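Peer 1: structure, please.
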Amino acid sequence: MSKLATSQKIKPFLWFDGQAEKAMEFYTAIFPNSQITTLKRWGKGSDFPAEWVMNGSMILDGLQIHAFDAGPQFKFTEAISFFVSCEDQEEVNHYWNALTAGGKEEPCGWLKDQFGLSWQIVPKMLGERLQNGDPARVGKMMQALMQMKKLEIADLEAAYAG
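Peer 2: Numbering: from 1, shown residues only. As a prediction, the model looks like this:
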């Protein structure tokens, strides 16, 4: 496996229950500039099934993430999520549709993928409006956002304008 260069000092580490390899393949297929860089199995003689991932690494569009399989003791919660900043509605739709496949839509641009990991799929314009927008208009936009699952840029812009 080739390696994409990264100088990232802090890296997320994901604990799976026998699905690390499937998750890594799923995520790297969705995001551009992504690949699995390390995949080592527990093998015979360990406390875990031999085919499970003991040490896995992937790069998702520049973000290095480690993963392994170590049983059902710990589950993902909404306390941690991956935030995906999207340039346009096409990108929002791509990530939303791909990551909700086998998963669950949640309110306000949040979703849980098929592995239980939470993601926020957010148009870049939302952050720009929140930082630099008129507070009254931002309030109207946020009221519209609270009614959505997948975020719709046109509807957010209309609420802000309106």
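Peer 1: for K22, pull up the helix or strand it's in.
Peer 2: Element membership of K22 [criterion: DSSP states H and E] is helix 20-30.
Peer 1: just checking, next helix/strand downstream of the strand or helix carrying G139?
Peer 2: According to DSSP H and E, G139 maps onto helix 135-145. Next along the chain after helix 135-145, taking DSSP H and E as the criterion, comes helix 153-161.
Peer 1: let me see the mean pLDDT of that following helix.
Peer 2: Computed over helix 153-161, the mean pLDDT rounds to 98.
Peer 1: wait, Y160 sits on G139?
Peer 2: No - if you go by Cβ atoms under 8 Å, Y160 and G139 don't touch, sitting 9.6 Å apart. (C-beta placed from N, C-alpha, C; glycine too.)
Peer 1: so for those two, which sits in the more crowded spot?
Peer 2: Counted by other Cβ atoms under 10 Å, Y160 and G139 do not tie: Y160 has more neighbours, with 20 against 12.
Peer 1: name the surrounding residues that touch the helix holding G139.
Peer 2: Identification of contacts with helix 135-145 by Cβ atoms under 8 Å, 6 or more residues apart in numbering yields 108-109, 126, 129-130, 133, 151, 155-156, 158-162.
Peer 1: if you count neighbours, what's buried in it?
Peer 2: Residues V138, K140, M141, M142, A144, L145 are the ones in helix 135-145 that count as buried (16 or more other Cβ atoms under 10 Å).
Peer 1: can you check stretch 149-158 too?
Peer 2: Going by neighbour count (16+ other Cβ under 10 Å), the buried part of stretch 149-158 is K150, L151, E152, I153, L156, E157.
Peer 1: what do you get for stretch 47-61?
Peer 2: Quick answer for stretch 47-61 (16+ other Cβ under 10 Å): F48, W52, V53, M54, G56, S57, M58, I59, L60.
Peer 1: between the buried residues of helix 135-145, which is nearest F83?
Peer 2: Within these, proximity to F83 (Cβ to Cβ) peaks at L145, which comes in at 14.8 Å.
Peer 1: now the closest one: how far from V92?
Peer 2: Going from L145 to V92 by Cβ to Cβ, to the nearest Å gives 13 Å.
Peer 1: now A154
Peer 2: 11 Å.
Peer 1: who's in contact with N55?
Peer 2: N55 neighbours (Cβ under 8 Å, 6+ apart): T38, L39, K40, H66, F68.
Peer 1: what mean pLDDT does the helix or strand where it lies get?
Peer 2: Under the criterion DSSP H and E, the helix or strand holding N55 is strand 53-60. For strand 53-60, mean pLDDT is 98.
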